[in-house]
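S.K.: below are the sequence and a predicted model for it; my questions follow.
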Amino acid sequence: MPSCRKTSRNCARGRPPLPDTAAPDTAAPDTAAILTALPGHLVGADLAAAAAVLHRACFSPGWDQAALAALLAMPGAGLYVLSRGEDDDRLAAMLLARAAADEAEIITLCVDPSCRGNGFGKRLIREMGEHLGRDGVRTLFLEVADGNRAAKALYRDCGFRVIGRRRAYYADGDDAIIMRRADMI
Ligand SMILES: CC(C)(COP(=O)(O)OP(=O)(O)OC[C@H]1O[C@@H](n2cnc3c(N)ncnc32)[C@H](O)[C@@H]1OP(=O)(O)O)[C@@H](O)C(=O)NCCC(=O)NCCS
């Protein structure tokens, strides 16, 4: 996994999460929300734009469309999304992962503030794990800010365990926690 110093809070790259109290602007999607696993090379500009809108709703300042498009174009990139419904272009949640051989890294995970607490984050991690497991991935890694209690609780709930710490890793001085899930078989 990459070991270069990163300067902002996210799973791998990004910005500080907004407080969980961020004002919702739309209703949460119903259970008909669509889950899709999309290989990066198939992702078009529209999806990169929608992903940027969601990322900016979850991190400040968040990534723009060009940054998302570049990440989605990486070899091994896969984007897992929950839409708000068939006739709605907005994303409720997304998980971007990158696989290489039998390992993968969660690059970012975002659930729109109006959609949190509905199990969407957990669902995306489960679906990603099943999808990548079928592709031969055996170990998942991620980095998360030590102060991000919600994300750490979610990852623990999903079987990730702490394997390391990078002190004062982020620009605000927070540590990065490195987590691994190695039960993919
Ligand atoms: C972290 C985040 C992805 C959680 O998404 P979510 O869809 O609300 O999470 P879920 O509803 O799937 O929660 C699953 C479990 O995670 C934990 N969890 C989620 N939110 C939590 C919170 N605010 N406080 C404590 N635990 C929390 C709980 O264990 C929960 O299980 P429970 O509902 O049975 O208690 C979401 O808050 C988010 O997008 N935050 C901003 C971006 C971010 O920090 N991403 C992670 C960067 S590494």
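M.R.: Cool, the structure landed.
S.K.: quick one, what contacts the nearest residue to residue 89 once chain neighbours are set aside?
M.R.: Nearest residue to residue 89, sequence neighbours excluded (C-beta to C-beta, 6 or more residues apart in numbering): residue 50, at 5.9 Å. Quick note: C-beta positions are derived from backbone N, CA and C, even for glycine. Contact partners of residue 50, counting by C-beta atoms under 8 Å, 6 or more residues apart in numbering, are 89-91.
S.K.: so what's the residue in the chain that the ligand sits nearest to up against?
M.R.: Of all residues in the chain, residue 121 sits closest to the ligand, at 2.9 Å by C-beta to the nearest ligand atom. Applying C-beta under 8 Å, 6+ apart, we find residue 121 in contact with 93, 109, 111, 154.
S.K.: tell me what the second one is bridged to.
M.R.: Following DSSP bridges, residue 109 is listed with bridge partners residue 95.
S.K.: secondary structure element for residue 142?
M.R.: Per DSSP states H and E: residue 142 is located in strand 139-145.
S.K.: quick check: next helix or strand after that strand?
M.R.: Once strand 139-145 ends, the next helix or strand along the chain (criterion: DSSP H and E) is helix 149-157.
S.K.: so which bits of that following helix are buried?
M.R.: Of the residues in helix 149-157, 151-152, 154-155 count as buried by neighbour count, 16 or more other C-beta atoms under 10 Å.
S.K.: that one and the ligand in contact?
M.R.: Yes. With C-beta under 6 Å from any ligand atom as the criterion, the ligand is reached by helix 149-157 at 149-151, 153-154, 157.
S.K.: contacting residues around the residue nearest in space to the middle of the chain?
M.R.: Residue closest to the mean C-alpha point of the chain, counted by C-alpha atoms, centre = their mean, is residue 109 at 1.7 Å. With contact taken as C-beta under 8 Å, 6+ apart, residue 109 is in contact with 11, 93-96, 121, 124-125, 151.
S.K.: make it 10 Å
M.R.: Residues near residue 109 by C-beta atoms under 10 Å, 6 or more residues apart in numbering: 10-11, 58, 80, 93-97, 120-121, 124-125, 128, 142, 144, 151, 154-155.
S.K.: check it and give its pLDDT.
M.R.: According to the prediction, residue 109 has pLDDT 97.
S.K.: before we move on, what SS does the residue of the chain most remote from its centre have?
M.R.: Relative to the mean C-alpha coordinate of the chain, counting by C-alpha atoms, centre = their mean, the farthest residue is residue 87 (23.4 Å). Three-state assignment for residue 87 (DSSP: H, G, I helix; E, B strand; the rest coil): coil.
S.K.: give me the pLDDT value at it.
M.R.: On pLDDT, residue 87 comes in at 70.
S.K.: do residue 35 as well
M.R.: 50.
S.K.: report the buried members of the contacts of residue 50.
M.R.: The buried subset of the contacts of residue 50 (16+ other C-beta under 10 Å) comprises residue 91.
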